[in-house]
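# Let me see the structure of the following:
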Amino acid sequence: MVTQAPLKMDVKTPLKWIVVGGPGLLVMLSDTDAGNVVVGAQAGAQWGYRLLPLLLLLIPMLYMVQELTVRLGIYTGRGFGELIRERFGMGWAWPATIALAVAAIGTLVTQLTGIAGIGELYGVPRNVTLPLAAAALLAIVATGSYRRVERILVFVGLFELAFFFVAWSAHPNLVIMSKDVVDLPIANRQFTYLVAAIVGAVFSPWMIFYQQSAFADKNLLPGDIKASRWDTAIGAVLTQCLTAAILIAAAALASRGASQGLHSVGEISRELSTFLGERMGRMVFSFGVLGASMVAAIVSSLALTWGVSEVTGHRRSLEHHPFGAKWFYAIYSVSVIGAAAMVWSASDLVWLTIAAQVVNVFLLPLVIVLLIALAVKVLPKPLRPRGLYLWSLIGVSSIVIAAGLVGAGLGQNLTLTAPPQLATHLRTAPSASQH
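Below you'll find the predicted structure:
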């Protein structure tokens, strides 16, 4: 197999930051996908600004988790699945790969949901958009052209910045926001279910597989770690702020008596268009969702490709057609087509999207434990997480995972509708002219 020559540039050279960067920012942009848009909008519509602190408090853990993939990818030259197989054996590698597959397929469902919703916004039925989207996913991934399109995907993903414009145009009421963020109905099962959905939307196994394999595939040197950490840190802050922007816009609508029923991406777009005008709002929202959905669908599918290839002993490199194994391409094709069929048959796309995020909560413990164990066992001593940092990572991860699992368990079989206390708030909310 042909291997790429390692990058050799001066750390102080600005060009280095451009060349080394990419995987961290790209995986974070893909995390602000249709699932995060739907979960953020639903959280704002149902609970106002109450879940906004959670989104922002997850930034440190998101960075700490993904930063471990930077260390492991650069200093071992191995992908996540590859390291699990080498260090812990197939008994651990296969469960991790199954978790990856479930999460990646769930993400494909989410992205196809977003694409179908945008199609409906323009009057295009699902039976047209879904086959076209599935065909595009199969064609793009089968080319093995990741290294050529990474920068393009980052550019497309930056269309998500449109969400900041939506939030700014909503003119959120700071008085209501300050009251909401300290009023947390943690005993309400619908609230805790959305907590689980947010945790699952922020953390997904395919993100860990993808970022570590991407850094390893670039053959980066230890001197590149600083730029790679900045790449990851900027992405972590950006993705959570983008989701927060959607929540803020939806909460502003809710405070004005709107946004009580959001059952598709199209409905979310129509609600948010209130601030920008129908034509402008539809265009801005469409660019944001399509950019996010395209990036997330490709990144998650490439993570699946890398993960399965590594665990089965095939050296990862998407530049050399990892789909040489026909059985794997067949499984991937079935996954994409199955995800499209699931979206086509679903009556409530928002419920389907939120459920897909909640599934990630149950997969998270295995992947996080394996990631931390690898970092402690594999990395050279100066680079191992240790002391206060290690225990902070373990403690924060445990709390977040526990909150997600409790929320998912309590919220099973719930129908996500506006809770009574929010409905009362909507009926007594001041008119838009009072804001």
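# For residue 342, which non-adjacent residue is closest in space?
Distance criterion Cβ to Cβ, 6 or more residues apart in numbering; nearest residue to residue 342, sequence neighbours excluded, is residue 109 at 5.6 Å. C-betas here are computed from N, CA, C, even on glycine.
# So the one you found sits against residue 351, correct?
No: with contact defined as Cβ atoms under 8 Å, residue 109 does not count as touching residue 351 (11.8 Å).
# Counting neighbours, go ahead and name the busier of the two.
residue 109 (27 against 16; other Cβ atoms under 10 Å).
# what's the model's confidence in the helix or strand harbouring that one, averaged?
According to DSSP states H and E, residue 109 maps onto helix 90-121. Confidence over helix 90-121 (mean pLDDT, whole number) is 85.
# residues of it that come out buried?
92-93, 96-97, 99-121 (16 or more other Cβ atoms under 10 Å).
# got the contact list for the next helix or strand after it?
Per DSSP H and E, the first helix or strand lying C-terminal to helix 90-121 is helix 126-142. By Cβ atoms under 8 Å, 6 or more residues apart in numbering, the surrounding residues in contact with helix 126-142 are 108, 112, 115-116, 118-120, 149, 297-298, 301-302, 305, 323, 329, 332-333, 336-337, 339-340, 343-344.
# Show me which residues of the longest helix along the chain are buried.
Looking across the chain with DSSP state H, the single longest helix is helix 278-311. For helix 278-311, the neighbour count (16+ other Cβ under 10 Å) marks 281-282, 284-311 as buried.
# any idea how far residue 216 is from residue 23?
The spacing between residue 23 and residue 216, counted by Cβ to Cβ, to the nearest Å, is 10 Å.
# wait, I meant residue 135
30 Å.
# more neighbours, the two?
Between residue 135 and residue 216, counted using other Cβ under 10 Å, residue 216 has the larger neighbour count: 26 against 13.
# Just the element for the more buried one, please.
helix 205-217.
# just the angle between the next helix or strand after that helix and helix 205-217, please?
Next along the chain after helix 205-217, taking DSSP H and E as the criterion, comes helix 225-254. Counting by axes from the mean of the first three to the mean of the last three Cα atoms, to 10 degrees, helix 225-254 lies at 150 degrees to helix 205-217.
# Give me the distance from stretch 64-77 to the chain's centre.
18 Å (Cα atoms, centre = their mean, to the nearest Å).
# pull the CA atoms of it into PDB?
Taking Å, rounded to 0.1, in the frame of the first residue of the first chain, the C-alpha atoms of stretch 64-77 are listed here in PDB:
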ATOM      1  CA  MET A  64     -11.300  16.700  26.100                       C
ATOM      2  CA  VAL A  65     -12.700  13.600  24.500                       C
ATOM      3  CA  GLN A  66     -11.800  14.500  20.900                       C
ATOM      4  CA  GLU A  67      -8.400  15.900  22.000                       C
ATOM      5  CA  LEU A  68      -7.500  12.400  23.100                       C
ATOM      6  CA  THR A  69      -8.000  11.200  19.500                       C
ATOM      7  CA  VAL A  70      -5.500  13.900  18.400                       C
ATOM      8  CA  ARG A  71      -2.800  12.500  20.700                       C
ATOM      9  CA  LEU A  72      -3.600   8.900  19.800                       C
ATOM     10  CA  GLY A  73      -3.800   9.500  16.100                       C
ATOM     11  CA  ILE A  74      -0.600  11.500  15.800                       C
ATOM     12  CA  TYR A  75       1.600   9.600  18.300                       C
ATOM     13  CA  THR A  76       0.600   6.100  17.300                       C
ATOM     14  CA  GLY A  77      -0.200   6.400  13.600                       C
END
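# State the mean pLDDT of it.
Stretch 64-77 shows a mean pLDDT of 89.
# now stretch 251-263
pLDDT averaged over stretch 251-263 gives 66.
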